[in-house]
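Peer 1: What follows is a predicted protein model with its sequence.
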Amino acid sequence: MMGLPIRFEPLLSIELIVLCALAALAVCLTTLRRCPTLSLSKRVWLFAWRLLAVCGLVIVLLGPVTTSTQDQASKATFRLLMDTSASMNHDDIQPSRYRHAMDRWLGPKQLEALRAHADLAVFTFDRDLRATNLGALSSAVPTGSHTRLIDAVQRQLRSNATHDPLIIFTDGHDNQHAADSAATHKAISLAQAKGIPLYTVPLGEETSPVDLRVELHATPQAVFEDEPANLTATIHQAGLEQAPVSVSLTADGVPLQTIHTNIDPARTTQQVTFTHTPKGNASIIDYQVNVPTLDGEAHHHNNTAHALVRMTGRRIHVLLLEGEPHWDTRFFSQAMLEDPQVSLTRLHAVTADHVIMSRVGDDENIDVPIALPLTDATLREFDVLALGRGMSWFFPGDQAETLKRFATEHGGGMVFIRGHPFDPSDPAAQSHVTPLLALTDEIRLPVIQREAPQAGPPAVAAMARAGRGRALTIRNRELWRWAMHDDASGAYPAAYRSFVGDGVRWAAVGDGYLPTQPVSIAADRMRAEAGLQRTLRMRLRDAAMLTANSPALKVTAPDGQVSSIALQPNDDDLTYTGIFTPDQPGIYTAAFGDYHTKLLATHADLEQADVSVRRALLHRLSSETGGRMLLDPEELLNAVSQQQRHAHGSAAGPTTPAWDRTWVFTLLIGALSIDWFTRRMMGLA
């Protein structure tokens, strides 16, 4: 009992206990002062016994209690993660990586031994993470087209409130994150922070079939006529000797360029970059890159890759409205005039009933009066409205509703050059436009200030959806100083033009609409593997485009077969969606009348390229988190039994008052009795 920990549960508040103790001591001292005839030694004797009695009462009021402990043994819980991606079917270990794990590591005898020491929570992962059980695990067939190992580990760590160790059966493939990626480091840091060890079981050999695979990516994915598109071909190789290769690029089947390079056996990845400037009418260009098949390749179809680029030959029509001239609108206008993809029209308010229009960009330069107010039909001739201040000249009061309709219903783009375009003196107009400035994503840039620079870069702009359109709001009214900054390199003026130009392009595209297009057709993924379900989305600017209650898209497959995809209306009555699953690799065309888009379905062969086991990644995951890489089933059993010993602990038992003892009451009564007897002997009682 004496070895048990003691804690206090006061019967009264601490303040009241202290107050009582001080009052008792004051009474003791006052009583002794009334006995001046007693010697000092007798006074000390009486005070000591009274002090002992007061201390005893204070301890009782503090309520000391003891808590007993009870030994408690329980099984450890492990989370078992099994890789079910297609690479686990590889037969470099017989009969396959997956069956080897089930037969040698998780057979009946091994499971019986494991269950004696631990409870197992079972999960499978490939593209997604799923909870399952051992019965389903034994009959499963690995078919996943992707492996997202690091994502699965992160999800398990975040949901692991009981800090259960993880056992991961995998070949270490991750089609999304590299071994040294930020995501991998984040997963390791999360495991370290939560004290969760990772045990990895590598499945497979460190050999791969000889193969070459090519990928093609385009930046940007939407360009204007005479604007270059950059196309990067990435060549992945495994087991090839040094050899010359020709990388050829075509656009819609027309040869463009061939670059000759050499395969470097020491590098698994090489890149070749093309630049092409498309011309012609608006379209979606199918770029294709090809590398001839080399001797000994395991697969041939992956020597070809596609990338889709949306191109429009029409300039962006921008209408700049300015009621109060300012440097911001002046330099914005200058940047638009220098942009070859923009046709700019400017309206300057001179008086309440006289507005001057100047148009530059379509080989026109006119300066004529224009009638007010501006109507919906007038505004819809433009893709983007750029608004300065003093908009009450153009849209006083409730006429500002015209601006709101342009964005939310027509799908037009808005650029607010100087923040809110209406003054507080026109609250009706402000109320119509303010919802368009409901800002979301902020852009932070170092802005050149008139005074000394601020401590940190302010938020100079923000972007937001505005119904079917988009709105870009420039908050900082000193942004024009970028264009005036005296910089020998010219970096600041170029950065200003780039920022303004990119902002206008972002606003012009809206929800997938190209300039002048009344229909937007898009997929949730323009590029994905064949066999994966996609969502097709169609948006209309005008309900008059509908000729049937249930519109449909005609989808043409690479082999020429045509199918119809029924569309269902969304909450927005001019937005429709449908489900589509491509069943073969290649380019698909989805059309509604004369408007169409293209979709790319790729070969689902990521799991067959470079199937070598990634031991380095698995060793890092385990060694840096307090676990280890397991090479034998006996090591797994030892790790589980060791965790079970750590799970043994002690649980708190019942509490018992420490003052509820015979000797405590005997001591208190004895101290009070000795005090009373001594005072009686001295004639004080």
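Peer 2: All right, it came through fine.
Peer 1: Check the model's average confidence along the helix or strand where residue 26 lies for me.
Peer 2: Element membership for residue 26 (DSSP states H and E) is helix 14-33. Taken as a whole, helix 14-33 has an average pLDDT of 76.
Peer 1: Check which element follows that helix along the chain.
Peer 2: Once helix 14-33 ends, the next helix or strand along the chain (criterion: DSSP H and E) is helix 40-62.
Peer 1: Work out the gap between that next one and the centre of the chain.
Peer 2: Helix 40-62 has its C-alpha centroid displaced from the chain centroid by 68 Å (CA atoms, centre = their mean, to the nearest Å).
Peer 1: Could I have the CA atoms of that helix written out in CSV?
Peer 2: Extracted C-alpha coordinates of helix 40-62, given in CSV (Å, rounded to 0.1, in the frame of the first residue of the first chain):
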residue,chain,number,x,y,z
LEU,A,40,8.8,29.6,26.9
SER,A,41,9.4,25.9,26.8
LYS,A,42,5.9,25.1,28.0
ARG,A,43,4.4,27.5,25.4
VAL,A,44,6.4,25.8,22.6
TRP,A,45,5.2,22.4,23.9
LEU,A,46,1.6,23.4,23.8
PHE,A,47,1.9,25.1,20.3
ALA,A,48,3.6,22.0,18.8
TRP,A,49,0.8,19.7,19.8
ARG,A,50,-1.9,22.1,18.5
LEU,A,51,0.1,22.6,15.3
LEU,A,52,0.2,18.9,14.8
ALA,A,53,-3.5,18.6,15.2
VAL,A,54,-4.2,21.5,12.8
CYS,A,55,-1.9,19.9,10.2
GLY,A,56,-3.7,16.6,10.5
LEU,A,57,-7.0,18.2,9.9
VAL,A,58,-5.7,20.1,6.9
ILE,A,59,-4.4,16.8,5.4
VAL,A,60,-7.8,15.1,5.9
LEU,A,61,-9.6,18.1,4.2
LEU,A,62,-7.2,17.8,1.3
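Peer 1: List the contacts of residue 627.
Peer 2: Neighbouring residues of residue 627 by CB atoms under 8 Å, 6 or more residues apart in numbering: 165-166, 197-200, 621, 639. C-beta here means a position set from N, CA and C on the backbone, and glycine is covered the same way.
Peer 1: which one of those sits closest to residue 224?
Peer 2: Nearest to residue 224 among these is residue 621, at 46.1 Å by CB to CB.
Peer 1: Next, the closest one: secondary structure please.
Peer 2: helix (DSSP: H, G, I helix; E, B strand; the rest coil).
Peer 1: Contacts only, for it.
Peer 2: Residue 621 sits next to 153, 168, 184, 187-188, 198, 200, 627 when contact means CB under 8 Å, 6+ apart.
Peer 1: Tell me where the model's unsure across the stretch 101-250 of the chain.
Peer 2: Filtered on pLDDT under 70, the stretch 101-250 of the chain yields the residue ranges 208.
Peer 1: Among the contacts of residue 627, which ones are in helices?
Peer 2: Here DSSP state H is the test, and the contacts of residue 627 give 621, 639 as lying in helices.
Peer 1: will you turn the contacts of residue 627 into a markdown table that also has distance to residue 576?
Peer 2: As requested, the contacts of residue 627 are exported to a markdown table (distance: CB to CB, whole Å):
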| residue | distance to residue 576 |
| --- | --- |
| 165 | 49 |
| 166 | 44 |
| 197 | 50 |
| 198 | 46 |
| 199 | 49 |
| 200 | 47 |
| 621 | 45 |
| 639 | 54 |
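Peer 1: Which members of the contacts of residue 627 define the maximum pairwise distance?
Peer 2: Within those (distances taken as CB to CB), the two that end up farthest apart are 621 and 639, at 14.5 Å.
Peer 1: Could I have the buried ones of the contacts of residue 627 as PyMOL selection syntax?
Peer 2: Command for PyMOL that selects the buried part of the contacts of residue 627, burial taken from 16 or more other CB atoms under 10 Å:
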select buried, resi 165+166+197+198+199+200+621+639
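Peer 1: Can you tell me which of the contacts of residue 627 lies closest to residue 381?
Peer 2: Among those, residue 621 lies closest to residue 381 (CB to CB), at 58.8 Å.
Peer 1: Look up how far residue 375 lies from the closest one.
Peer 2: Relative to residue 375, residue 621 is positioned 64 Å away (CB to CB, to the nearest Å).
Peer 1: Strands of the stretch 101-250 of the chain, residue ranges please.
Peer 2: With strands called from DSSP state E, counting those that start in this stretch, the stretch 101-250 of the chain shows them at 118-125, 129-132, 166-170, 198-202, 211-219, 222-224, 229-238, 243-251.
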